[in-house]
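Trainee: Build me a structure from this.
(one chain, ligands or ions: 1)
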Amino acid sequence: MAETPKAAGVTRRDENAASTVHANRRWWDADADSYHATHGAFLGAADFVWSPERLRESDAHLLGDIAGTLVLEVGCGAAMCSRWLAEAGARPVAFDISAGMLRHAREGAANTGIAVPLVQADAQYLPFISGVFDIAFTAFGAVPFVADSARVMREVARVLRPGGRWVFSTTHPLRWSFPDDPGPAGLSATMPYWDRTPYVECAESGEATYVEHHRTLGDRVRELASAGFRLLDIVEPEWPAGHVEEWGQWSPLRGAILPGTAIYVCECPGARA
Ligand SMILES: C[S@@+](CC[C@H](N)C(=O)[O-])C[C@H]1O[C@@H](n2cnc3c(N)ncnc32)[C@H](O)[C@@H]1O
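Mentor: Got it, this is the predicted structure:
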């Protein structure tokens, strides 16, 4: 089992598109086994959960009517959402930058008998022709792990057909101001919300081993508008009563007070086919 890289240090500094992709691909490759050992049961083998608040697509219907649609899953990890979609009558294609995560996607297909086309790609440079997908989505994939998320929005807009839908969940931007701590320390704001300097974990050599980029709510809306999307909703799932399972910094304690997830529901202009 590959070991998740140990961070010798954590800092805030600029990281460009290439160094961000380099660090994060290696990090997700190395962390894939540990990630699925920790979160695999929560995520399920063929289930579609949008967020640590356990909002399911079967309850939320954020993708709209999926029967027969061609769906692109961005930053799919083990592609359990795509397998759920395939079972529900959609035609998903799933991609991720990490070979380690895609290995889990292949294992998921073997274990469930639900095969979904898998592609290794960077969300900033989609290897798909324009205007073909009815729906694109991601549950916490890719968007915060790239330096140029505006480019991701443009690429997704390019591969969607007119009227196509783009739905993606990410950490709620407000959380940037708070320490990544599920306990009481995670309730006090310590970082300026407007400071976009990336969060960087690095090795002793100083090389980045993990990078996260922050966008404010306004940044995100502007990225979407410039890519030509119409923003229909921003869903901020509430922490459900009785849900006690923590996921990293997401906990019942914080979930009762602060939003943890933002799900952006967008549409390309034009008639939906
Ligand atoms: C938190 S996981 C989410 C995956 C899956 N939806 C889940 O819930 O487990 C983030 C995923 O984004 C992928 N990712 C990171 N950077 C990416 C990029 N530039 N292009 C495509 N995928 C990327 C990672 O490899 C990882 O599988």
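Trainee: My guess is Ala227 contacts Ser149. True?
Mentor: No - judged on CB atoms under 8 Å, Ala227 makes no contact with Ser149 at a distance of 10.1 Å. C-betas here are computed from N, CA, C, even on glycine.
Trainee: Which one of these two is surrounded by more residues?
Mentor: Ser149 (23 against 19; other CB atoms under 10 Å).
Trainee: which residues sit in contact with that one?
Mentor: By CB atoms under 8 Å, 6 or more residues apart in numbering, the contact set of Ser149 is Val143, His213, Arg215, Arg220, Glu223.
Trainee: Take these and write them to TSV, including distance to Trp239 and pLDDT.
Mentor: Converted to TSV, the contacts of Ser149 look like this (distance: CB to CB, whole Å; pLDDT from 0 to 100):
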residue	distance to Trp239	pLDDT
Val143	22	98
His213	25	98
Arg215	23	98
Arg220	22	98
Glu223	27	98
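Trainee: Hmm, Leu224 is touching Val265, no?
Mentor: No - at 10.4 Å, Leu224 does not count as touching Val265 under the criterion of CB under 8 Å.
Trainee: Could you tell me how far Glu204 is located from the ligand?
Mentor: 24 Å (CB to the nearest ligand atom, to the nearest Å).
Trainee: Now do the closest residue to that residue other than its chain neighbours, the pLDDT please.
Mentor: Distances taken as CB to CB, 6 or more residues apart in numbering place Ala8 nearest to Glu204, at 4.3 Å, with adjacent residues excluded. Ala8 is assigned a predicted lDDT (pLDDT) of 87.
Trainee: wait, Ala8 sits on Cys202?
Mentor: Yes - counting by CB under 8 Å, Ala8 sits close enough to Cys202 to count as a contact (6.4 Å).
Trainee: the more surrounded of these two?
Mentor: The neighbour count for Ala8 versus Cys202, taken as other CB under 10 Å, is higher for Cys202 (20 against 13).
Trainee: My guess is the more buried one contacts Arg12. True?
Mentor: No - assessed by CB under 8 Å, Cys202 is found out of contact with Arg12, at 11.1 Å.
Trainee: Which residues of this protein lie near the ligand?
Mentor: Proximity of the chain to the ligand, by CB under 6 Å from any ligand atom, involves residues 21, 24, 28, 43, 75-77, 96-98, 101, 122-123, 139-142, 145-146.
Trainee: Narrow the residues you listed to those in strands?
Mentor: Among these, the ones falling in strands (DSSP state E) are Asp96, Ala139.
Trainee: Drop anything exposed from the residues of the chain next to the ligand.
Mentor: Neighbour-count burial (16 or more other CB atoms under 10 Å) applied to the residues of the chain next to the ligand gives 21, 24, 28, 43, 75-77, 96-98, 101, 122-123, 139-142, 145-146.
Trainee: Do you know the pLDDT at the closest residue to Arg54 other than its chain neighbours?
Mentor: Taking CB to CB, 6+ apart, and ignoring the residues beside it in sequence, Arg54 has His243 as its nearest neighbour in space, at 5.7 Å. We have a pLDDT of 97 for His243.
Trainee: Check the stretch 1-150 of the chain for the residue nearest the ligand and tell me.
Mentor: Gly77 (2.8 Å; CB to the nearest ligand atom).
Trainee: Verify the stated contact: that residue with Gly100.
Mentor: No - taking CB under 8 Å as the definition, Gly77 is not a contact partner of Gly100, at 9.8 Å.
Trainee: List the residues that contact the nearest residue to Asp219 once chain neighbours are set aside.
Mentor: Leaving aside its sequence neighbours, Asp219 sits nearest to Arg196 (CB to CB, 6+ apart; 7.6 Å). The contact partners of Arg196, taken as CB under 8 Å, 6+ apart, are His213, His214, Arg215, Thr216, Asp219.
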